[in-house]
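Provide a 3D model corresponding to the input given below.
(2 chains)
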Amino acid sequence: MRKASILAGLTLLLAVVIFPLYYTVAGSLMTQEDLTRFPPALFPTGLNWENFAGVLQAVPLARQYLNSIVVSLCVVAGILVTSVLAGYAFTFLHFPFRRFAFGLFLSTMMIPAEASIIPNYLTMADWGLVNTFPALILPFLASGFGTFMMRQFFMTFPREVYEAAKVEGCGHLRFLWSILVPLSRPALGTLAVYSFIGTYNHYFWPLLVTNTPSMQTLQIGLAQLNSVEERAPNLILAGVVMAIIPMLVMIYAFQRHIVRGLTTGAVK
Amino acid sequence: MSTASLPGGRYRRKDIVVALCFLAPATAVFVMFGFYPLARTIWLSVAASDIFGNVTGFVGLDRYGDFFSDPALRRVLLVTLAFVVLTVLPTLLLGLFLALVLQARVPGIGFFRTLMATPFAFSAAAAAVVFDILYSPSVGLFNGLLDWAGLPVVEWLTDPATALPSLALVSVWRDLGYAMLVFSAGLQAIPESLFEAARTDGAGRWTLLWRIVLPLLSPTMFFLLVVSTISSLQTFGEINILTGGGPDGATTTLVYGLYQSAFAFGTSDYGLASVQAVVLLVLVMVITIIQFRLLQRKVFYG
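Numbering: from 1, shown residues only, chains lettered A, B, ... in the order given. Take a look at the predicted model:
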């Protein structure tokens, strides 16, 4: 009896919390009339899959999808490489000013991207890179958080294995590539998921450095869609459904990674 | 933190070379797109510049004076503060509430927790676009429900009184799942034995919550407070899509003010924009430094 009432309460709570998600999915299958009549419908009158074809015609959403995926994957690859290398140096190598350099790396986490966005835009304009992939990718290829995370993970690595490999004459790159990286898959996975989500969701920077629909990312595409197709919310919601699918897949597939990435620093 | 070095504090030359090579890629990115632009922002905040961002003269703290003395400009600070309070407090309270409720021992609780976290799948733009439809004054669902209940409709995004709270709701909704997940992780880190011991001593449910759960959760809460405050300070997409800073500046926060000064209306006032960027930077740095200090002093890991 008590369990039943708890379940009922939870279901009600869940219904409220995920209502906008429900409305997005339901609305993406409604007709324009369903969504614009007053009072608005809560359920689709039919399954109007053609909304998805319609939205692809309204804006180059497929191309923008591709842009977002390409940019996010490039940034993930870049962050993994730079973070692993820097994390390695900060864990296994002794060099002068190591603590200072590490502090400098960490300090980048304190700089809000918005504080340097104007000069970064001017730099891209100077280099003639506005409206190109490099403009969307370059500023994000390293991460203070990523370096910190990799170092934390490497520090748990048994020192003796490292010493033994050194004694055997194993070079740094080989040790890194054939021993450390394979053993660091959980941390790499967390960092990859975390960076992908962050980049995929970027809004301010792509808004500044892109100016044609074919170079814009999905997020900017959604905003454009919202302003040009104001009278067709069914199309807009179909666009949103397409935009959140990769994120939903990530959330369900990598929930562990996401929680770990989000809570680095919160709970041990 | 390990500070081990070789006996005698000497370095192997090869280690130094390898370290330099390994640190070079990240350092190049940080210098080019982190430290250099930061310095240039500070420089632009004390200089006069043309529309290409070329400095044409030094003006000292004049632009800071403009910003802090003009009530219309200074207002972005109040709006920012209001927005932070309206987003962070509800996110933390509701996130904690959900995490506690989701500790219930009923079948399928994992399913509930996963589903509750789904708003996290929405980017700022995706959430903003959906809420724009829900908030629509004439055909939106929210006004539809109000009308159905016999209540007066609300101009959610165009009434200066409701625009900021309406924006805040979008952020709260999006961040709720994240706060819930972090609180859940914190709750699960509390050893079961503590609860058992307390229960044996006859502690009731509320005593458990106030005396054990909340104190042990304080580092988690503090972490979320800091992270949510910083992310709230940086909110841009929702404002850009839903209100464009309006009506009449009611939703123009620091970040949005910065954007408008630099890039909107063809003004290209990089000086004023940089002043706002520096104020934002200082706020974020102060919050982060307080966090580091407090974490060093009072760590209560479970």
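
what is the burial count for residue 97?
Since no chain was named, I'll use chain A. Counted with other Cβ atoms under 10 Å in any protein chain shown, residues neighbouring A:Phe97 total 9. To be clear about C-beta, it is placed using only N, CA and C from the backbone, and glycine gets the same treatment.

let me rephrase: I mean chain B.
Counted with other Cβ under 10 Å, B:Phe97 comes out at 15.

do the same with B:Ser268
B:Ser268 is flanked by 17 other residues according to other Cβ under 10 Å.

how about B:Leu141?
By other Cβ under 10 Å, the burial measure for B:Leu141, its neighbour count, is 20.

would you agree it is in contact with A:Pro40?
Yes. Between B:Leu141 and A:Pro40 there is a contact at 5.0 Å, judged by Cβ atoms under 8 Å.

any idea where the strands of the stretch 51-200 of chain B begin and end?
For the stretch 51-200 of chain B, applying DSSP state E, counting those that start in this stretch gives strands covering B:55-58.

what segments of it are helices?
B:62-69, B:71-101, B:109-116, B:124-135, B:141-148, B:160-188, B:192-200 (DSSP state H, counting those that start in this stretch).

distance of the nearest residue to B:Asn143 once chain neighbours are set aside relative to chain A?
Excluding its sequence neighbours, the residue lying closest to B:Asn143 (Cβ to Cβ, 6 or more residues apart in numbering or on different chains) is B:Val153, at 4.2 Å. Applying Cβ to the nearest Cβ, to the nearest Å, the value for B:Val153 to chain A is 10 Å.

ok, now which ones touch B:Val153?
By Cβ atoms under 8 Å, 6 or more residues apart in numbering or on different chains, the contact set of B:Val153 is B:Pro137, B:Asn143, B:Leu146, B:Asp147.

so how many other residues sit close to the residue lying closest to the first one once chain neighbours are set aside?
Using Cβ to Cβ, 6+ apart and skipping residues adjacent in sequence, the residue nearest B:Pro137 is B:Glu155, 5.5 Å away. Under the neighbour criterion other Cβ under 10 Å, B:Glu155 is assigned a count of 15.

coming back round to it: need the helices of the stretch 51-200 of chain B in JSON lines with mean pLDDT, can you?
JSON lines is the format used below for the helices of the stretch 51-200 of chain B (pLDDT from 0 to 100):
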{"stretch": "helix B:62-69", "mean pLDDT": "89"}
{"stretch": "helix B:71-101", "mean pLDDT": "93"}
{"stretch": "helix B:109-116", "mean pLDDT": "83"}
{"stretch": "helix B:124-135", "mean pLDDT": "94"}
{"stretch": "helix B:141-148", "mean pLDDT": "86"}
{"stretch": "helix B:160-188", "mean pLDDT": "92"}
{"stretch": "helix B:192-200", "mean pLDDT": "79"}
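
would you turn those into JSON lines with distance to A:Tyr65?
Shown next, in JSON lines, are the helices of the stretch 51-200 of chain B (distance: least, Cβ to Cβ, whole Å):
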{"stretch": "helix B:62-69", "distance to A:Tyr65": "40"}
{"stretch": "helix B:71-101", "distance to A:Tyr65": "29"}
{"stretch": "helix B:109-116", "distance to A:Tyr65": "25"}
{"stretch": "helix B:124-135", "distance to A:Tyr65": "13"}
{"stretch": "helix B:141-148", "distance to A:Tyr65": "27"}
{"stretch": "helix B:160-188", "distance to A:Tyr65": "21"}
{"stretch": "helix B:192-200", "distance to A:Tyr65": "46"}
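
among those helices, which is the most enclosed?
helix B:124-135 (a mean of 26; mean count of other Cβ atoms under 10 Å in any protein chain shown).

wait, isn't B:Val129 in contact with A:Ala238?
No. Using Cβ under 8 Å, B:Val129 makes no contact with A:Ala238, being 11.3 Å away.

who in the stretch 201-302 of chain B is up against chain A?
Within the stretch 201-302 of chain B, the positions near chain A by Cβ under 8 Å from any Cβ of the partner chain are B:219-220, B:223-224, B:230, B:233-234, B:236-237, B:240-241, B:255, B:258-259, B:262-263, B:270, B:273-274, B:277-278, B:280-281, B:284-285, B:288-289, B:301-302.

go again using 7 Å as the cut-off
Residues of the stretch 201-302 of chain B that fall close to chain A, judged by Cβ under 7 Å from any Cβ of the partner chain: B:220, B:223, B:234, B:236-237, B:241, B:255, B:258, B:262-263, B:270, B:273-274, B:277, B:280-281, B:284-285, B:288, B:301.

show me how the record splits chain A into domains.
Here the domain assignment for chain A is A:4-48, A:55-263, based on automatic domain parsing.

possible to save the ones you listed as JSON lines with distance to B:Gly108 and mean pLDDT?
Below are those laid out as JSON lines (distance: least, Cβ to Cβ, whole Å; pLDDT from 0 to 100):
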{"stretch": "domain A:4-48", "distance to B:Gly108": "8", "mean pLDDT": "84"}
{"stretch": "domain A:55-263", "distance to B:Gly108": "15", "mean pLDDT": "91"}
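
looking at those domains, which is buried most?
With neighbours taken as mean count of other Cβ under 10 Å, the domains of chain A reach their highest mean count in domain A:55-263, at a mean of 19.

related to what we said a few turns ago, buried subset of the residues of the stretch 201-302 of chain B next to chain A, written for ChimeraX?
This is how ChimeraX selects the buried members of these, with burial counted by 16 or more other Cβ atoms under 10 Å in any protein chain shown:
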select /B:220,223,234,236,237,241,255,258,262,263,270,273,274,277,280,281,284,288
